[in-house]
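**Student:** Here's a sequence, model it:
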Amino acid sequence: MRHRLTAIAGLSCVLLSACTEGQIGHSDAVRAGQRIYAKECAACHGAHGEGAGSAALALGTIPPDLTGLKQRNDGYFPREFVRRFIMGRLEKDDPASPMPDFSTVGLRHVYPDGGADGEVLETDFANLLDYLEAIQE
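**Tutor:** Got it, this is the predicted structure:
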């Protein structure tokens with residue numbers, strides 16, 4: 001009986017730990033999103049999303065810190081807003097903004113040989129959003 005209770009308690013701990021927010025950083029989707037981010041976003045937004053990438057100085061504007069999206073939205077990661085903004089579905093405050101419309105340019109660094117015909121594959125884009133959500137402070 002004692003071994004059974006210990007086994008149940010151990011299993012419960014494992015299952016509960018899978019529900020924690022910290023687990024999102026270790027999923028395959030987040031790792032795939034991190035690779036996409038590194039190729040498509042890091043030059044402007046920085047290696048970790050802080051807004052200070054190597055190309056930021058040449059932009060004429062400071063790219064936003066992507067790690068604070070959740071904090072700036074009352075503890076909620078605005079996933080649909082981010083999706084719509086990146087895909088050019090929202091009007092930008094500055095029409096001359098250097099932020100590319102990924103629905104037009106596609107993932108040109110992920111698919112440099114034109115794979116997926118310059119499209120943003122839904123799975124790739126969902127993985128990118130998972131990564132952005134995972135880096136929130």
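**Student:** got the end-to-end distance for stretch 57-76?
**Tutor:** Counting by Cα to Cα, to the nearest Å, you get 30 Å between the two ends of stretch 57-76.
**Student:** Run the chain-centre distance for it.
**Tutor:** 12 Å (Cα atoms, centre = their mean, to the nearest Å).
**Student:** cool, and stretch 28-35?
**Tutor:** Mean-position distance between stretch 28-35 and its chain equals 8 Å (Cα atoms, centre = their mean).
**Student:** Would you mind checking the average pLDDT for that stretch?
**Tutor:** Averaged over stretch 28-35, pLDDT sits at 95.
**Student:** Residues contacting it, please?
**Tutor:** Contacting residues not belonging to stretch 28-35 are listed as 24, 110, 124, 126, 127, 128, 129, 130, 131, 132, 134 [Cβ atoms under 8 Å, 6 or more residues apart in numbering]. (C-beta placed from N, C-alpha, C; glycine too.)
**Student:** ok, the fifth one - how many residues close by?
**Tutor:** So the one you mean is residue 127. Residues lying near residue 127 (other Cβ atoms under 10 Å) number 22.
**Student:** Check the last one too.
**Tutor:** With neighbours defined by other Cβ under 10 Å, the count for residue 134 comes to 21.
**Student:** out of the contacts of stretch 28-35, who has the most neighbours?
**Tutor:** Most crowded among the contacts of stretch 28-35, counting by other Cβ under 10 Å, is residue 128 at 27 neighbours.
**Student:** Quick one: residues contacting that one.
**Tutor:** Residue 128 touches 33, 36, 37, 40, 41, 86, counting by Cβ under 8 Å, 6+ apart.
**Student:** No further questions, thank you.
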